[in-house]
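Visitor: have a look at this fold, sequence not included:
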Ligand code: FAD
Ligand code: 2HG
Ligand code: ZN
């Protein structure tokens with residue numbers, strides 16, 4: 001038997017011929033890339049842990065071009081790997097073998113913005129941060145934000161159903177994405193690019209593509225409901241002694257900050273050590289076992305400040321919080337946010353990364369870190385816990401100086417069994433991609449997986465779209 005993390009066998013797709021290249025060059029002149037130096041970066045993922053060997057990178061600009069590409073690839077039985085900003089963390093964004101890479105990088109046009117409804121419609125390759133800047137100039141914000149904002153594409157965000165730092169306030173993309181335009185495997189354009197808040201005419205097909213990781217279609221455009229920019233934003237960086245205090249502070253926040261609470265994130269002291277060591281970021285407060293980044297967003301600074309003042313007084317007098325700092329000025333707020341946003345980057349400097357992204361009942365999330373440390377007993381270089389506390393989403397990360405099979409065997413399946421025993425999800429927000437495809441059964445029944453496989457077979461009968469990803473190698 002092969003291990004669940006092992007590479008799958010190459011499926012019998014065609015290989016790209018000179019005639020194929022001629023066709024691509026005709027429809028995408030100057031945008032059919034075969035130069036190995038240029039292909040290098042799209043064959044390797046952000047973590048540098050997965051490497052494909054694609055020899056062709058296609059850079060379409062329009063939905064019509066994507067349609068032509070897929071129609072051709074489907075008829076020729078050529079496999080295709082859609083790629084956005086290549087910031088995915090589960091090996092889904094790069095080819096496994098010689099799949100053609102279809103990049104959305106040149107599909108970066110904003111199509112419309114309606115300032116009355118707040119609906120933004122844009123092509124899939126728009127970089128999240130560019131959209132944020134565009135909207136801020138129009139008094140709005142994107143309903144999602146993540147550490148990878150400078151590189152990730154909105155199409156990639158939708159394809160992974162990315163969560164991020166604002167989900168607590170604005171909910172998931174299943175709620176904020178109002179429309180999706182997709183090109184199906186055979187090249188047909190499925191136009192579900194609605195901008196309506198409400199539309200119950202039949203099945204909500206766009207939902208299928210949100211979180212489908214490029215396995216059901218290529219997302220070419222999306223419309224997103226964007227909130228108004230808050231007039232008053234405050235960021236606090238607080239420290240506490242125990243996870244129980246962290247939980248209590250979260251409850252206090254929910255009670256006392258209520259509708260203005262817009263983020264509640266946490267990191268442990270091991271994350272802080274990595275930020276200090278690898279990124280030279282200094283702790284803005286005194287050393288504590290746990291830290292939290294709490295953001296409030298409201299429309300009236302005086303009202304928010306009064307609430308914050310009362311909250312801080314209560315948190316300090318009841319000894320929940322041992323130290324803290326508050327930022328209203330944008331540059332200081334950004335600096336405090338980077339203590340949370342840049343943990344992933346700090347980890348990448350620490351060695352080989354083993355990443356786990358689980359959701360659990362919030363009161364149990366840190367127990368996994370503690371149990372893992374005890375279970376590994378010093379075999380790992382670092383074992384750190386951080387994440388989206390408000391969403392019950394823990395990022396457990398473990399590092400070793402180099403890839404270590406013995407350590408991996410100690411971590412898995414322990415981590416998955418631990419999570420499954422508590423009915424948690426083994427992938428809260430990063431998806432399954434290549435790396436986690438075979439762990440799906442820890443969180444989904446065999447019946448549910450069989451239905452997924454049926455949907456895949458209906459929409460992509462030849463299986464050309466992002467093969468080896470998301471669905472397991474074998475159905476149970
Ligand atoms: P890629 O990495 O290029 O692709 C990801 C997947 O989507 C692949 O399976 C790909 O085939 C598919 N895909 C991409 N574009 C399309 C398209 N147009 N149509 C169909 N399929 C497509 N994730 C979170 O959920 N929350 C976070 O807070 C978060 N923070 C991060 C911080 C850092 C520093 C990094 C490196 C990553 C983080 N991620 C986070 C992970 C990641 O999922 C997101 O960065 C992002 O959503 C991926 O977008 P992308 O454009 O880079 O997609
Ligand atoms: C975050 O919340 C991201 O920072 C990345 O989802 C988490 O690297 C990770 O484990
Ligand atoms: Zn996250």
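Guide: It's in. Keep in mind it's a predicted model, so treat the numbers as computed, not measured. Ligands and ions are numbered 1, 2, ... in the order given.

Visitor: how many other residues sit next to residue 51?
Guide: A count of neighbours around residue 51, defined by other C-beta atoms under 10 Å, yields 13. The way it works is simple: take the backbone N, C-alpha and C, and place the C-beta from them, glycine included.

Visitor: do the same with the one 5 residues further on
Guide: Residue 56 has 20 neighbouring residues, counting by other C-beta under 10 Å.

Visitor: contacts only, for it.
Guide: Residue 56 sits next to 16, 21, 24, 32, 33, 34, 39, 100, 101 when contact means C-beta atoms under 8 Å, 6 or more residues apart in numbering.

Visitor: so how far is residue 95 from it?
Guide: Applying C-beta to C-beta, to the nearest Å, one obtains 10 Å for the distance of residue 56 from residue 95.

Visitor: spit out the residues that contact the two alike.
Guide: Common neighbours of residue 56 and residue 95 (C-beta under 8 Å, 6+ apart) are residue 101.

Visitor: in the stretch 201-350 of the chain, which residue sits closest to ligand 1?
Guide: For the stretch 201-350 of the chain, the residue closest to ligand 1 is residue 214, as judged by C-beta to the nearest ligand atom, at 2.8 Å.

Visitor: pretty sure that residue contacts residue 88?
Guide: No - with contacts defined as C-beta atoms under 8 Å, residue 214 does not count as touching residue 88, sitting 9.5 Å away.

Visitor: hmm, back to that, and the contacts of residue 56, which is closest to ligand 2?
Guide: Ligand 2 lies nearest to residue 101 out of these, by C-beta to the nearest ligand atom, at 23.2 Å.

Visitor: can you tell me the strand partners of the helix or strand harbouring the closest one and which way each runs?
Guide: With secondary structure defined by DSSP states H and E, residue 101 is part of strand 100-103. Here the strand partners of strand 100-103, with direction, are listed using DSSP bridges: strand 57-58 (parallel), strand 80-83 (parallel).

Visitor: does the residue of the stretch 301-450 of the chain found nearest ligand 1 sit in a helix, a strand or a coil?
Guide: In the stretch 301-450 of the chain, the residue found nearest to ligand 1 is residue 429; the distance is 3.5 Å by C-beta to the nearest ligand atom. For residue 429, the reduced secondary structure class is coil; criterion used: DSSP: H, G, I helix; E, B strand; the rest coil.

Visitor: what's the answer for the one 4 residues further on, then?
Guide: Each residue gets one of three states, and residue 433 gets coil by three-state DSSP.

Visitor: so what's the one residue in the stretch 151-300 of the chain that gets nearest to ligand 1 up against?
Guide: For the stretch 151-300 of the chain, the residue positioned closest to ligand 1 under C-beta to the nearest ligand atom is residue 156, at a distance of 2.0 Å. Contacts were defined as C-beta under 8 Å, 6+ apart; by that measure residue 156 touches 83, 84, 85, 87, 88, 93, 104, 124, 162.

Visitor: would you mind measuring from it to residue 276?
Guide: Here residue 156 is placed at a distance of 31 Å from residue 276 (C-beta to C-beta).

Visitor: for the stretch 101-250 of the chain, which residue gets nearest to ligand 2?
Guide: Ranked by C-beta to the nearest ligand atom, the top residue of the stretch 101-250 of the chain for proximity to ligand 2 is residue 147, at 4.9 Å.

Visitor: got the confidence number for that residue?
Guide: According to the model's per-residue confidence, residue 147 sits at a pLDDT of 95.

Visitor: which residue comes closest to residue 296 once chain neighbours are left out?
Guide: Leaving out its chain neighbours, the residue that sits closest to residue 296 by C-beta to C-beta, 6 or more residues apart in numbering is residue 260, at 4.3 Å.
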